[in-house]
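J.: Here you go, sequence then predicted model.
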Amino acid sequence: MSNNHTPRRGVLLIVASPSGAGKTSLCRRLMADHGGLELSISMTTRPIRPGEVDGRDYNFVSHEEFQRLVDQDAFLEWADVHGQRYGSPRGPIDRALAEGRDVLFDIDWQGAAQVAEKCPEDAVRVFILPPSLEELRRRLITRSQDAPEVIERRIKNAKGEIEHCDVFDYVFVNDDFDRSYAELAHIYHAERSRRFRNLWVADYKAALLREVV
Ligand SMILES: Nc1nc2c(ncn2[C@@H]2O[C@H](COP(=O)(O)OP(=O)(O)O)[C@@H](O)[C@H]2O)c(=O)[nH]1
Ligand SMILES: Nc1ncnc2c1ncn2[C@@H]1O[C@H](COP(=O)(O)OP(=O)(O)O)[C@@H](O)[C@H]1O
């Protein structure tokens, strides 16, 4: 990353897509390549999948525990998705924003809308489209982590999710993975570089103007 000056105002980078379009894979790679980017670990009531780790991929909670957190206003946003509940806990996000750090969200369009409404300056919304619904089905089947009826439900929901891509800041098709990853990384880098996020510029500029040459 070319620009490590502080203080900064953090980016809330939101990546959404229909299930199977590839957002988790793209987000994992973005996290791996950017040490300063923090993943918002969601709470969910959905069952844990093989290979997932509680506390790393999600915090898996009961419906009762989720409702208790809703009642306590513990989520920046939450939504019902594919018959389960998902939410982004406020605490880590508030701390990251206060410290000028960037947060990555893998959440659905409903959550994206809520974060954008609550944090209009900070939220950047990216929507990832699949090459086709047929390819979406192929990816979900190949991933082989959901029961056939769960996969069918997700494919049925895909069109409803794609309908909402119009309000996103950036939209691209995840066909070739490396090309798509480069696109996501470029978006993140460009958003980090926006002047209003780089609060250090005013002092830096003043120092340059004081320089005697
Ligand atoms: N609103 C909201 N959506 C979430 C959250 N966490 C995950 N999701 C979304 O819920 C949907 C289902 O996620 P998941 O069960 O992991 O399935 P996947 O999309 O196939 O990986 C995806 O669209 C996620 O982006 C959250 O905290 N809030
Ligand atoms: N560009 C791509 N081309 C082919 N397969 C992909 C591509 N991107 C992701 N996949 C695969 O598709 C499946 C779904 O990807 P995943 O990242 O889990 O999607 P999502 O989080 O959107 O549900 C995974 O098996 C993943 O390895």
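T.: That came in fine, so what should we check first? Ligands and ions are numbered 1, 2, ... in the order given.
J.: what about D71, neighbour count?
T.: D71: 8 surrounding residues under other Cβ atoms under 10 Å. C-beta: built from backbone N, CA, C; applies to glycine.
J.: just to confirm, which helix or strand has the residue in the chain positioned nearest to ligand 1 in it?
T.: In the chain, no residue comes nearer to ligand 1 than G111, which is 2.5 Å away by Cβ to the nearest ligand atom. Counting by DSSP states H and E, the element that carries G111 is helix 109-118.
J.: Using PDB, write down the CA coordinates of that helix.
T.: C-alpha atoms of helix 109-118 as PDB (Å, rounded to 0.1, in the frame of the first residue of the first chain):
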ATOM      1  CA  TRP A 109     -27.800  -6.100   0.100                       C
ATOM      2  CA  GLN A 110     -30.100  -5.400   3.100                       C
ATOM      3  CA  GLY A 111     -27.100  -5.000   5.500                       C
ATOM      4  CA  ALA A 112     -25.300  -2.900   2.900                       C
ATOM      5  CA  ALA A 113     -28.200  -0.500   2.700                       C
ATOM      6  CA  GLN A 114     -28.300  -0.200   6.500                       C
ATOM      7  CA  VAL A 115     -24.500   0.500   6.800                       C
ATOM      8  CA  ALA A 116     -24.700   3.000   4.000                       C
ATOM      9  CA  GLU A 117     -27.500   4.800   5.700                       C
ATOM     10  CA  LYS A 118     -25.900   4.900   9.100                       C
END
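J.: List of residues touching it?
T.: Outside helix 109-118, the residues that touch it by Cβ atoms under 8 Å, 6 or more residues apart in numbering are 12, 14, 16, 76-79, 81, 86-88, 105, 107, 123, 125, 127, 161, 164-165, 167-168.
J.: Does it reach ligand 2?
T.: No. Under the criterion of Cβ under 6 Å from any ligand atom, ligand 2 is not reached by helix 109-118; the shortest gap measures 12.7 Å.
J.: need the next SSE after that helix, C-terminal direction.
T.: Using DSSP H and E, the helix or strand that follows helix 109-118 in sequence is strand 123-129.
J.: No further questions, thank you.
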